[in-house]
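> here's a sequence, model it:
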Amino acid sequence: MFEKYFQLKANKTDIRTEVIAGLTTFLTMAYILAVNPIILGKTGMDSHAVFTATALSAIVATLIMALYAKLPFALAPGMGLNAFFAFTVVLGMGYDWEFALTAVFTEGIIFILMSFFNIRELIIDAIPLTLKHSISVGIGLFIAFIGLHSAGIIVKNPATLVGLGNMNSPMVWVGLIGLFISGVLLALRVKGALLIGIFASTIVGIPFGITHLPNSSIVQLPPSISPIFFKFQWSKMLSWNFVIIVFTFLFVDMFDTVGTLIGVASKANMLDKKGRLHNVSKALMADAVGTTVGAILGTSTVTTYVESAAGVAEGGRTGLTSLTTAILFLVALFLAPVFIMVPAVATAPALILVGSFMMSPILKVPFDDYTESIPAFLSIIIMPLTYSIAEGISFGMVSYVLLKVLSGKHKEVNWLMYILAAVFILKYAF
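As a prediction, the model looks like this:
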């Protein structure tokens, strides 16, 4: 059944590989089940209800990705977007969380319309192949940086912006032990090396006091979402602030998702000769529907997770990978203490190593053509330094158009790139 539906042989994979890939993806992104309720809880939302909404929205969106798009990408409420929801819209601008949910819901509806009319697919096709390769590399550096920070190896430093962490910290040692266990297993070509590394780090973290074993029943009924379900506030929809907030959600979500899909697919050789991803319109629809359903359930914008790269690195190539991830989110609803037990530092080695895997597309960038290599470089370097895939894409696009036009190569630029570059410039100007 799985072979026929997901065409496993045609994609050079098998059930075991896909399941391990889905489990790896889940473990690298399961932190959202603990983090999202904390962040949205600061707005006054019921954090227990947000936990359930987070899991349910991930299940719905990832199932659509698995069964409709048949691609190995997982979705959940996005980091950064949830922070904008809580700290900017609610705590910063003083709006109710119901108002913020209304903005997310509106964004989701717009996304569905854009996906239905293939507007987002046109945007993906308009991005030059060089930028698509550089996006993959930039995402690699970005997620490696997330992993290094999660392990405490890289920390904030007032003098130099970032610096080396406390090498005597137990957390750092757990991360380094997991990193070298995973690295050795990869060198020995052991299947599931990243997943084994996550489990090993979790176990090593117990004596260090990093991993906290559940102190209550591990099987629990999920909390009710009734306090946050379908709680919209329509009265301020015509305000200028509402339009700005919706646009911000729309902009960041769209280019985070586009960047993740392109970057991960590029590394996995899932792009065709023209740099297009099979079923990309269906993948974008999964994102759009996930955001809309997520807002109804009571959570912030749902987006495609960059941690999907961990599953792809384990060999995941079809919707069976994301189907496995969706099933594990369902299990997590009832076994929350078990999955929350895995500390962030245990997943850090997987993110660091996946970051290294994603470096290879840099070889496809034509460095002898500065109108190609400079935008590629800017796209790569901006992502980790701004902690944003969307900002890296925008810098890459704007610089690409400007360099091509000013060097007399304007015919090499897709017409849609001019529009996108203008939008980005206006965004920064105003």
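> from here on, contacts and neighbour counts on C-alpha atoms
Will do.
> nearest residue to the middle of this structure?
Central residue of the chain (C-alpha atoms, centre = their mean): Y305, 2.3 Å from the mean position.
> was I right to think it contacts G78?
Yes: Y305 is in contact with G78 according to C-alpha atoms under 8 Å; the separation is 7.3 Å.
> circling back: any idea how far the closest residue to the residue nearest to the centre of the chain other than its chain neighbours lies from T202?
With sequence-adjacent residues excluded and distances taken as C-alpha to C-alpha, 6 or more residues apart in numbering, Y305 is closest to L75, at 5.4 Å. Per C-alpha to C-alpha, to the nearest Å, L75 is found 24 Å from T202.
> ok, now F99?
Distance, F99 to T202, by C-alpha to C-alpha: 39 Å.
> hmm, back to that, neighbour count: L75 and T202, which is higher?
Comparing L75 with T202 by other C-alpha atoms under 10 Å, the one with more neighbours is L75, at 31 against 23.
> contact partners for that one?
Residues near L75 by C-alpha atoms under 8 Å, 6 or more residues apart in numbering: 58, 61-62, 287, 290, 302-305.
> kindly report the same for I352.
Here I352 is in contact with 143-148, 179 (C-alpha under 8 Å, 6+ apart).
> please redo it, this time with the cut-off set to 6 Å
144, 147 (C-alpha atoms under 6 Å, 6 or more residues apart in numbering).
> can you name the element that comes right after the strand or helix carrying it?
Following DSSP states H and E, one finds I352 within helix 344-357. Downstream of helix 344-357, the next assigned helix or strand under DSSP H and E is helix 370-386.
> got the CA positions of that following helix in CSV?
Below are the C-alpha coordinates for helix 370-386, written out as CSV (Å, rounded to 0.1, in the frame of the first residue of the first chain):
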residue,chain,number,x,y,z
TYR,A,370,29.7,38.6,-9.5
THR,A,371,26.1,39.4,-10.4
GLU,A,372,25.4,35.8,-9.3
SER,A,373,27.9,35.2,-6.5
ILE,A,374,27.4,38.5,-4.5
PRO,A,375,23.6,38.0,-4.2
ALA,A,376,24.2,34.4,-3.3
PHE,A,377,26.7,35.4,-0.6
LEU,A,378,24.4,38.0,0.9
SER,A,379,21.6,35.5,1.0
ILE,A,380,23.8,33.0,2.8
ILE,A,381,25.3,35.3,5.3
ILE,A,382,22.2,37.3,6.2
MET,A,383,20.1,34.2,7.2
PRO,A,384,22.1,33.2,10.3
LEU,A,385,23.1,36.7,11.3
THR,A,386,19.5,38.0,11.3
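> the residue nearest to Y305 pairs with what?
T304 (DSSP bridges).
> and it, how close does it get to L416?
L75 is 27 Å from L416, by C-alpha to C-alpha.
> likewise for V401?
11 Å.
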